[in-house]
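Novice: output the structure for:
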Amino acid sequence: MLIAYNDRMDTIRQDWRSFKAFNDTYAGAADHIVSILDAATTTSATISSHESSLNALLLNTAGLARSGINLIGPSARNLVTGLNGLLPHQRSADEVQPRVHLPAGRCQQLHRQRWPR
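Specialist: Presented below is the predicted three-dimensional model:
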C-alpha cells in the first residue's frame, strides 16, 4: 500500500500546489467579488423600486415596435426593392468618386461653415 502511495505522491504534491494557486487567486479577488455582489444587491433594489416605470417603458417600447411594423410592414417589399435598386448606382458613384470618411468633429465643423446660423 505504501508503494502505491509513494507512486502517487508527485501527483498529490502537484494537486496541493494547484490548490494553493487557486486559493491565492481567490484571496486576491475576494474583495472584488464581494463588491460586485454588493452592487448587484443595490441594482436589484433599484429595479424593484422602479418596477412600475420599467413596466411602462417595456410596454411603450413594444408599442413603438408594433407601430413601426405597422408603418413599414405593408411596404417592406417595395422598400427593399428600392434600396436594392440604389446599390448599383452607389457602387458606380464610389468608383467615380470614392467617399471620404471624416472624423465626427470635422463633419460638424464643415456643417457649420456651410450652413451658419
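Novice: alpha carbons only for contacts and neighbour counts from here, please
Specialist: Fine.
Novice: number of residues surrounding residue 66?
Specialist: A count of neighbours around residue 66, defined by other C-alpha atoms under 10 Å, yields 12.
Novice: quick one: contacts for it?
Specialist: Not one residue lies near residue 66 by C-alpha atoms under 8 Å, 6 or more residues apart in numbering.
Novice: quick one, grab the pLDDT at it.
Specialist: Listed pLDDT for residue 66 reads 90.
Novice: what's the answer for the one 5 residues further on, then?
Specialist: The per-residue pLDDT reported for residue 71 equals 88.
Novice: for it, grab the count of nearby residues.
Specialist: Neighbour number of residue 71 under other C-alpha under 10 Å is 11.
Novice: quick one: mean pLDDT over the one helix or strand residue 18 maps to.
Specialist: Residue 18 is part of helix 2-49 when elements are defined by DSSP states H and E. The average pLDDT for helix 2-49 rounds to 87.
Novice: what of stretch 83-103?
Specialist: Here the average pLDDT along stretch 83-103 is 73.
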